[in-house]
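1. Fold the following and give me the result.
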Amino acid sequence: MLTCILVPVALLATWVHDIALDTDRYVSTVAPLATDPAVQDAAVHRITEAVGTHVDGKRVAGDIASWLQSQGLPPLAADAVSRLGPQIDSAVDSAVTRIATRVVHSDAFATVWRDANRAAHNAVVHALTGEGRGAVGVSDGTVTLDVGTAVDRVKKELVDAGLKPAEKIPQVNKQLVLFHSDQLAKLRKGAHLLDVVGNWFPVLVVLLGAAGVFLAHHRRRALARTALGAAFACLVVAIGLVVARRYYLDHLPPQVQSKAAAAAVFDTLLHFLRVSLRTAIVLGVVIALGAYLIGPGRLPVALRGYSDHTADSAARWAAGHHIGAGRVGAYALAYRRAVTLLALLVIALVFALWNHPTVLTVLLLVLVLLGVLALLALLAAAGRVQLEAARGKPPPAGEAR
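-> Take a look at the predicted model:
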């Protein structure tokens with residue numbers, strides 16, 4: 001029971017230590033946010049605000065109307081021109097938004113995003129530990145991204161486009177709010193504890209589970225129950241994340257300008273944790289199913305008998321066509337149990353050393369294991385055929401070894 005509870009905790013510890021505190025992993029995690037539509041829209045809005053190009057459309061229209069009237073334009077026509085102030089303001093705002101959109105959707109913005117995050121490595125670290133400074137900052141539970149670099153780029157393009165008032169835009173340090181939580185201080189304490197034990201905690205959980213299974217009276221049953229219990233605990237945590245996401249998005253504070261952007265950041269930061277939970281669930285079910293299939297139940301015995309019968313039939317057909325396995329078949333027959341155990345250990349070692357395994361990793365390794373076991377069964381069946389032929393007896397169909 002304790003192992004089942006600790007498995008999702010170990011996954012959380014690994015996520016904090018390996019994802020949040022690994023620069024390369026962190027950058028690869030947050031890099032897609034630069035091209036996320038919701039984040040891009042929020043960035044365009046904040047950059048447009050930051051640029052703050054306020055052209056007094058009413059005064060400009062009045063100046064144009066006075067000049068035209070001095071050139072002979074009738075007073076009524078000049079009055080009509082003087083009323084174009086709102087249209088001028090709207091045109092300027094549209095120009096700023098258009099240029100800001102082009103900047104945010106360009107490769108330059110993605111590069112700025114990646115470089116800033118790689119240099120500072122602060123988005124996740126700030127959110128969980130509050131340490132470090134850089135383009136991404138955290139204060140009073142609010143995680144922000146400094147869009148000042150993008151603002152400077154927009155100002156330059158406005159000036160290059162001929163909008164001279166943009167030269168007078170002051171230097172700004174505008175912040176785009178990415179994430180906010182009043183519980184961030186509490187999360188930091190837990191994250192610090194998990195960071196301390198992050199290297200060893202998963203190993204200790206595995207050793208604890210292995211010891212429990214080894215000391216159990218019915219080891220196969222204990223293995224199946226532990227695997228299913230751990231899978232269920234991970235499922236509960238995964239459901240908890242869904243509930244937490246809904247609650248967070250339904251209670252966004254005013255500091256967060258875009259609900260869609262907040263959702264994108266939340267999903268991105270927790271992506272690998274969710275993948276780990278799903279992987280643990282599938283792995284637990286696979287282990288429990290494997291423990292069941294090697295047991296004495298009616299269905300497992302029938303399945304094993306059918307597989308051996310099929311292997312024997314294939315071996316007899318091969319022998320009839322003068323195809324044999326030679327010494328390999330004899331060795332497979334003699335050491336089938338040992339080779340099966342070795343294959344299981346190798347697969348387990350590969351999974352343990354796999355960098356960030358996923359559900360596809362589990363399924364791939366299961367297919368490899370099934371392929372090895374099928375090949376071993378065929379070789380062992382060929383060995384039985386050779387042995388019976390040497391003794392001058394036909395091999396009994398469906399003999400299980």
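2. lowest-confidence helix or strand of this structure?
-> Of all helical and strand segments in the chain, the minimum by mean pLDDT, DSSP states H and E falls on strand 136-139, at a mean of 52.
3. Would you map the strands across the chain?
-> Using DSSP state E, the strands assigned to the chain run over residues 136-139, 142-146, 175-180.
4. Check those for me: which has the lowest mean pLDDT.
-> With a mean of 52, strand 136-139 has the lowest mean pLDDT of the strands of the chain.
5. Quick check: which ranges of the stretch 1-150 of the chain have low pLDDT?
-> Within the stretch 1-150 of the chain, the stretches with pLDDT under 70 are 19-21, 49-65, 67-69, 71-74, 77-93, 116-117, 119-150.
6. do that again at 80, thanks
-> By pLDDT under 80, the low-scoring segments of the stretch 1-150 of the chain are 1-2, 16-26, 30, 43, 45-97, 99-100, 103, 108-109, 112-113, 115-150.
7. Could you measure from the closest residue to residue 312 other than its chain neighbours over to residue 301?
-> Leaving aside its sequence neighbours, residue 312 sits nearest to residue 381 (C-beta to C-beta, 6 or more residues apart in numbering; 4.9 Å). C-betas here are computed from N, CA, C, even on glycine. Distance of residue 381 to residue 301, given as C-beta to C-beta, to the nearest Å: 18 Å.
8. more crowded one of these two?
-> residue 381 (29 against 13; other C-beta atoms under 10 Å).
9. and the more buried one, what does it touch?
-> Neighbour list for residue 381: 308, 311, 312, 314, 315, 329 [criterion: C-beta atoms under 8 Å, 6 or more residues apart in numbering].
10. Reformat those residues as TSV; add pLDDT and distance to residue 274.
-> TSV is the format used below for these (pLDDT from 0 to 100; distance: C-beta to C-beta, whole Å):
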residue	pLDDT	distance to residue 274
308	87	41
311	90	40
312	89	45
314	91	43
315	88	46
329	87	46
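11. What subset of those is buried?
-> Among the contacts of residue 381, those classed as buried by 16 or more other C-beta atoms under 10 Å are 308, 311, 312, 315, 329.
12. could you pull out the helices for the stretch 251-400 of the chain?
-> Secondary structure of the stretch 251-400 of the chain (DSSP state H, counting those that start in this stretch): helices at 259-269, 271-293, 298-320, 326-334, 336-353, 359-391.
13. closest one to residue 112 among those?
-> For residue 112, the closest of the helices of the stretch 251-400 of the chain is helix 259-269, at 17.0 Å, according to C-beta to C-beta.
14. Give me the phi and psi angles of residue 251.
-> Dihedral pair for residue 251: phi -130, psi 40, per degrees, to the nearest 10.
15. Was I right to think residue 25 contacts residue 17?
-> No: counting by C-beta atoms under 8 Å, residue 25 does not reach residue 17; the two are 10.3 Å apart.
16. So which of the two has more stuff around it?
-> In this view residue 25 and residue 17 are compared by other C-beta under 10 Å, and residue 17 has more residues nearby, 19 against 15.
17. mind checking how far the more buried one is from residue 300?
-> From residue 17 to residue 300 the distance is 39 Å (C-beta to C-beta).
18. got a list of what the closest residue to residue 237 other than its chain neighbours touches?
-> The spatial neighbour of residue 237 that comes closest, neighbours along the chain excluded (C-beta to C-beta, 6+ apart), is residue 8 at 4.3 Å. Residue 8 makes contact with 230, 233, 234, 236, 237, 277, 280, according to C-beta under 8 Å, 6+ apart.
19. In helices, which of the residues you listed appear?
-> Mapping the contacts of residue 8 onto helices (DSSP state H) picks out 230, 233, 234, 236, 237, 277, 280.
20. quick revisit: quick check, nearest of the buried ones among the contacts of residue 381 to residue 31?
-> Nearest to residue 31 out of the buried ones among the contacts of residue 381 is residue 311 (C-beta to C-beta; 49.6 Å).
21. how close does the closest residue in space to the closest one that isn't next to it in sequence sit to residue 313?
-> Of all residues not flanking residue 311 in the chain, residue 381 sits nearest, at 3.8 Å (C-beta to C-beta, 6+ apart). Separation of residue 381 from residue 313 (C-beta to C-beta): 8 Å.
22. go on, residue 40?
-> From residue 40 to residue 313 the distance is 62 Å (C-beta to C-beta).
23. Between the two, point out the one with more neighbours.
-> residue 40 (19 against 14).
24. That one against residue 105, yeah?
-> Yes: using C-beta under 8 Å, residue 40 makes contact with residue 105 at a distance of 6.3 Å.
25. which residues are common contacts for the two?
-> By C-beta under 8 Å, 6+ apart, no residue touches both residue 40 and residue 105.
26. Residue 350: neighbouring residues, count only.
-> 15.
27. meant to ask about residue 328, not that
-> Other residues lying near residue 328 total 12 when counted by other C-beta under 10 Å.
28. quick one: it and residue 22, what's the gap?
-> 44 Å.
29. Find the nearest non-adjacent residue to residue 113, please.
-> Residue 113's closest residue in space is residue 34 (C-beta to C-beta, 6+ apart), at 3.8 Å.
30. Check the gap between residue 201 and residue 8 for me.
-> According to C-beta to C-beta, residue 201 stands 12 Å off from residue 8.
31. before we move on, the earlier item: for the residue nearest to residue 311, give its distance to residue 202.
-> Distance, residue 381 to residue 202, by C-beta to C-beta: 40 Å.
32. got it, and residue 351?
-> Counting by C-beta to C-beta, the gap from residue 351 to residue 202 is 13 Å.
33. likewise residue 282?
-> Distance from residue 282 to residue 202, by C-beta to C-beta: 17 Å.
34. go on, residue 220?
-> In this view, residue 220 and residue 202 are 24 Å apart by C-beta to C-beta.
35. Who has more neighbours out of those two?
-> A side-by-side neighbour count of residue 220 and residue 202, using other C-beta under 10 Å, places residue 202 first with 20 against 15.
36. Could you find the closest non-adjacent residue to the more buried one?
-> Residue 202's closest residue in space is residue 10 (C-beta to C-beta, 6+ apart), at 4.2 Å.
37. and what of residue 330?
-> Using C-beta to C-beta, 6+ apart and skipping the chain neighbours, the partner closest in space to residue 330 is residue 383 (4.8 Å).
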